Structures are given as structure tokens and as C-alpha cells.
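[1] Prediction below, plus the sequence it came from.
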Amino acid sequence: MSVIEDLLASFTPISLAEMDSVKLMNRIDTKYTVPLSLLPTILEMSQNDYYVQQTGGKRIADYNTIYYDTDSLDMYIRHHDKQLHRQKIRVRQYVNTHETYLEIKRKDNKGRTKKRRMVVPGFELTPQTIGHGKHHDRTVEEFIALKSPYQWSELAPRLRTVFRRITLVNKAKTERLTIDMSLIWENMQTGEKKTFPELVIIELKRDGNAPSPMTKIMIDQRVHPFKISKYCIGTALTNHGLKKNRFKKKIRHIVKMLNH
């Protein structure tokens, strides 16, 4: 990790406040998976075109996430069955800033992703604590009912995901790039845990099809876009009783890539 930290030190930093204009809450996402061994090359090729987000003097942030779903894992199944309109509901803790949000991430049939979120008081949410969150005077129950087809009473914690993230912003401030690594998945139904320390998930987030330096870098490195959901892959890896035919090929691709 010291090589990565040394490379990040050569980037010009950008603060959270300066990134306000690059939130991209309504966006098109493009994802890639690469082995950790390729990340230094990608960062070296990026340093002239991107800023790196710096928070509290740190350029790598720690994230802690719990995904919620129904008893029948409706959100997982809808994604598996290629339903174009689908959602993910999660509570995400931004460890470095001590902020915790309930986030509803919705994808439509045009491939656009919209995210809505509200501040909540804690990470390990229960029916007793979640009702105290507020978003413009709404309770969490009201927020979920308004922004999703689900009710809080039918949701429960299903998967915990822990990772470290680098966030880059292109110098035109038209795109944001997240680089997730050191992934750990823990299933809150089965108790099974999977770790992928060598897997890196890169996600390019932009409005429309603005020119992207990173797409050129990916082409140069012969890395192709790869659709991946951390919730669905983590659930498929840690719950053996679920149908997962659609995700088996993706899992084989990841394992083959890391082995080579």
C-alpha cells in the first residue's frame, strides 16, 4: 500500500467542499475490475488529469456499509433477473468523517443512476434508532416510503461490506472516479465472510458522455467495462442457498483475473 500512498502524494488535492459541484447524484456509471498489481500504473497515468480527494489529511478513506433487503431478498433477485428498474438500500458510514447516511440508489431503464440520502444517527440501525433520523423533518420510515417501493418494516440488514476508497476528480470537474480496494463481505444471514484483498473496483461517474481521461487509460491497459454490484456479488459469494446463475460468470472472471 505504501507504493499507492506515495503515488497519491503526487496528486493535487481537492477538498470535500470543493467537490460540491461534482456530486453527480444523477449520473451514468461505468465500472471496471482490475488486480491490485495494476493500480500503481493506473494512478501514475492519471496524476496529470485528476485531483485526489483529501479529508483530514488522508487520501484513502475507509467505508463501512450495511445493505438492507426484504426476507425474500427482493432487491438481489430483481438485479439477478435483469429487471431494469431496481434499487439498493444501504446505510453507509464514512469512517474518516464520522458521518452516516441512509442511501437509496435507484437505476432506471435508461441506465441512469440516481441516489438519495439522509443523515442517520448511527450505523448499527435498529427499529428503535432509525426512526430518529431526520431529512427535512421526515423520519426514516417516511423517507424510505417516499423514495422507494419498500417499507422500513419489511427490511432487515443482509450484507456488510467494508472497503477502502480513493476518490479522483478530473480537472474539468465533469466526472468523479472511485477506486475501491481491500474488500470484505460479511453475510448477516449466514454469517459467512469473504475477503478479496487483491480486487480493485473502479467506477467512473459522470453526467452524460463527457470526455474522460480514465476511459483512454483503460483502453490503453486493455481493461474493458465490467458491470458489478458489490451487494449482489457479495451476497452470491456468501449465501449458497440463492440462485446466482447470472453472477457465476462474473465471479469466475474475477477469480481468473486475480489468479493471472
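    Ah, there it is.
[2] Where does pLDDT dip in the chain?
    1, 21-27, 122-137, 207-209 (pLDDT under 70).
[3] can you rerun that using 50?
    Where the chain drops to pLDDT under 50, the residues are 127-129, 131-136.
[4] now what about the longest helix along it, what contacts it?
    Determined from DSSP state H, the single longest helix within the chain is helix 245-259. Contacts with helix 245-259, where a contact means Cβ atoms under 8 Å, 6 or more residues apart in numbering, come from 33-35, 80-82, 196, 198-199, 226-228, 232-233, 236-237. All C-beta atoms are positioned from the backbone trio N, CA, C, and that covers glycine.
[5] Of the residues you listed, grab the buried ones for PyMOL.
    In PyMOL syntax, the buried subset of the contacts of helix 245-259 is picked out as below (16 or more other Cβ atoms under 10 Å):
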select buried, resi 33+34+80+196+198+199+226+228+232+233+236+237
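[6] hang on, Arg92 is in a strand, isn't it?
    Yes. Arg92: assigned to a strand according to DSSP: H, G, I helix; E, B strand; the rest coil.
[7] before we move on, back to that, how about the longest helix of the chain: buried residues?
    Phe247, Lys250, Ile254, Met257, Leu258.
[8] Then stretch 33-46?
    Buried-residue list, stretch 33-46, by 16+ other Cβ under 10 Å: Thr33, Val34, Leu36, Leu39, Ile42, Leu43, Met45, Ser46.
[9] show me where this protein has helices.
    Going by DSSP H, the chain shows helices at 2-8, 39-46, 74-80, 127-130, 140-147, 213-220, 230-238, 245-259.
[10] nearest to Lys173, of those helices?
    Lys173 lies closest, by Cβ to Cβ, to one member of those: helix 213-220, at 12.7 Å.
[11] Specify the angle between that closest one and helix 39-46 in degrees.
    130 degrees (axes from the mean of the first three to the mean of the last three Cα atoms, to 10 degrees).
[12] Could you dump the buried residues of helix 245-259 into JSON lines with distance to Arg90 added?
    Output for the buried residues of helix 245-259, formatted as JSON lines (distance: Cβ to Cβ, whole Å):
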{"residue": "Phe247", "distance to Arg90": "19"}
{"residue": "Lys250", "distance to Arg90": "20"}
{"residue": "Ile254", "distance to Arg90": "21"}
{"residue": "Met257", "distance to Arg90": "26"}
{"residue": "Leu258", "distance to Arg90": "25"}
